[in-house]
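S.K.: 3D, please:
(one chain, ligands or ions: 1)
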Amino acid sequence: MKKQLCWALAPLLIFAAACSSDQAGSAEEPERGASQSVESDEQNKGEAEEITEETETVEEEQSSDKKQEVEKAAAEAAAQKRYKLNPANWTLQPVDSQDESKVVLLTIDDAPDQHSLKMAASLKELGAQAIFFVNGHFIDTEEEQKTLKEIHNMGFSIGNHTMTHPNLKGLSEEQQREEIVGLNDKIESIIGERPKFFRAPFGSNTEYSKKLAEEEGMLLMNWTYGYDWEKDYQNKKALTDIMVNSPYLTDGANLLMHDREWTNEALPDIVAGLRDKGYGIIDPEQIQVPERAAQ
Ligand SMILES: [Zn+2]
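M.R.: The predicted structure follows:
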């Protein structure tokens, strides 16, 4: 009888302990709970965590086939295309007009040079997604290719930023093809997938580069704002401030950053600042992209 009572009380005690530790947690981080901001990506993150927990429980009782099914369903849910690009200003808009969550897209160009891996690790820790726009001349050596694989394996989208970072307007069609399609071949040989996003160096496209991006099933995008290449913003404090308080910050804004020392340093504060202002971070996997033309 005594033993039964213990068993009955045990869950209550665990519950009480969990409640008190929750309270301690939220007292330490009042800003997170207080802000409406984090709604969209925090919610998604919550959902993803729930699915992972479910998977873990199911694991012991059911076959690995079942586990795979659950994982597949989770991946499909995450891959839902919630956003489309507005080519007039490069912002991302929700497909569902009822979707009122405020969001921005983070993009990192000229990757993976010296800082991309650290930037990816910071973003992952914060639960924020991004597109890394890659240049072919940064993925020549085995070491560089390993870095690209790591960034991809951390769950980040890999975009095409051309093989050698030229101004495409100065190139022949054949050269443009090598810059764009050649890079997709190279990236596919390393990570097993072709990029779904294209950004031309300097935002400088030709009719032909637009056609190639479409044929390749890549969504072509420029950006809404970015500052890290300007002299005044090449330090952590100034860059954080302008990225979070820019007059161009709007719902769906497409934020351009680069693989640079000061951007790496500023990135966690930029993400925190954007979330404090009510913006979630878009998962690029949820952006509609064109179908790749039959080869
Ligand atoms: Zn660039």
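
S.K.: residue ranges with poor pLDDT in the stretch 51-200 of the chain?
M.R.: The stretch 51-200 of the chain contains residues with pLDDT under 70 at 51-63, 73-79.

S.K.: for the ion, what are the nearby residues on it?
M.R.: Within reach of the ion by Cβ under 5 Å from the ion, the stretch 51-200 of the chain has these residues: 109, 110. All C-beta spots, glycine's among them, are computed from the backbone N, C-alpha and C.

S.K.: Quick one: the helices in the stretch 51-200 of the chain, in order.
M.R.: Per DSSP state H, counting those that start in this stretch, the stretch 51-200 of the chain carries helices over the ranges 64-78, 116-126, 142-153, 173-191.

S.K.: Turn these into JSON lines, columns for mean neighbour count and distance to residue 98.
M.R.: Shown next, in JSON lines, are the helices of the stretch 51-200 of the chain (neighbours: other Cβ atoms under 10 Å; distance: least, Cβ to Cβ, whole Å):
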{"stretch": "helix 64-78", "mean neighbour count": "12", "distance to residue 98": "18"}
{"stretch": "helix 116-126", "mean neighbour count": "18", "distance to residue 98": "27"}
{"stretch": "helix 142-153", "mean neighbour count": "16", "distance to residue 98": "33"}
{"stretch": "helix 173-191", "mean neighbour count": "17", "distance to residue 98": "35"}
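
S.K.: Could you dump these into JSON lines and include distance to residue 237?
M.R.: Formatted as JSON lines, the helices of the stretch 51-200 of the chain follow (distance: least, Cβ to Cβ, whole Å):
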{"stretch": "helix 64-78", "distance to residue 237": "35"}
{"stretch": "helix 116-126", "distance to residue 237": "17"}
{"stretch": "helix 142-153", "distance to residue 237": "27"}
{"stretch": "helix 173-191", "distance to residue 237": "35"}
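
S.K.: Break this structure down into its structural domains.
M.R.: 35-79, 83-286 (automatic domain parsing).

S.K.: So which of those domains is the most surrounded?
M.R.: domain 83-286 (a mean of 19; mean count of other Cβ atoms under 10 Å).

S.K.: first vs last residue of that one, how far apart are they?
M.R.: 6 Å (Cα to Cα, to the nearest Å).

S.K.: Repeat that for stretch 229-241.
M.R.: 15 Å.

S.K.: Can you tell me what sits against it?
M.R.: Here stretch 229-241 makes contact (Cβ atoms under 8 Å, 6 or more residues apart in numbering) with 227, 228, 242, 258, 260, 262, 263, 265, 266, 269, 270, 273.

S.K.: do stretch 134-146 as well
M.R.: 110-113, 147-148, 158-165, 179, 182-183, 186-187, 190, 195.

S.K.: Thanks again, I'm all set now.
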